[in-house]
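Undergrad: sequence-free structure coming up:
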């Protein structure tokens, strides 16, 4: 999955949840959180998003090859909160 794939996937999912009346959701993990956040802001949804924290196993992106367990734990403390994306408000 590329950064653009993540952006487009989030847009499509966001359109679907808007269609069903959802305005706020939690995303439990993804490779490109900044691209997911860009899509969420465009759609004016509220969300909490976290970076995936896998550090071993088949199918991981090449950029994750050097990740350590400690690095993943530190990464899990980072997330984007978009409490009112329709007004451009962000807090971290």
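TA: That came through, no problem. Since the model is a prediction, treat every value here as computed from it, not as a measurement. Numbering: from 1, shown residues only.

Undergrad: from here on, just use CA atoms for contacts and neighbour counts.
TA: Noted.

Undergrad: helices or strands up against the longest helix seen in the chain?
TA: The longest helix of the chain (DSSP state H) is helix 3-19. Applying 3 or more CA pairs under 8 Å, 6 or more residues apart in numbering; DSSP states H and E, we find helix 3-19 packed against helix 33-43.

Undergrad: between the helix it packs on and helix 3-19, how many degrees?
TA: With axes from the mean of the first three to the mean of the last three CA atoms, to 10 degrees applied, the angle from helix 33-43 to helix 3-19 works out at 40 degrees.

Undergrad: got the buried residues for helix 33-43?
TA: Across helix 33-43, burial judged by 16 or more other CA atoms under 10 Å covers 33-37, 39-41, 43.

Undergrad: tell me what it is packed against?
TA: helix 3-19, strand 46-51, strand 79-84.

Undergrad: go again using 7 Å as the cut-off
TA: Applying 3 or more CA pairs under 7 Å, 6 or more residues apart in numbering; DSSP states H and E, we find helix 33-43 packed against helix 3-19, strand 46-51.

Undergrad: what's the following helix or strand after the longest one?
TA: If I follow you right, that is helix 3-19. strand 24-30 (DSSP states H and E).

Undergrad: buried stuff in that following strand?
TA: Buried-residue list, strand 24-30, by 16+ other CA under 10 Å: 24, 29.

Undergrad: lowest-pLDDT helix or strand in this structure?
TA: Least confident helix or strand of the chain, by mean pLDDT, DSSP states H and E, is strand 89-91 with a mean of 39.

Undergrad: where does the chain dip in pLDDT?
TA: Filtered on pLDDT under 70, the chain yields the residue ranges 53-57, 63, 65, 72-92.

Undergrad: the same query, at a cut-off of 90, please.
TA: 1-3, 6, 23-37, 40-41, 44-92 (pLDDT under 90).

Undergrad: comparing the helices and strands packed on helix 33-43, which comes out most buried?
TA: strand 46-51 (a mean of 20; mean count of other CA atoms under 10 Å).

Undergrad: strand partners (parallel or antiparallel) of that one?
TA: strand 24-30 (parallel), strand 79-84 (antiparallel) (DSSP bridges).
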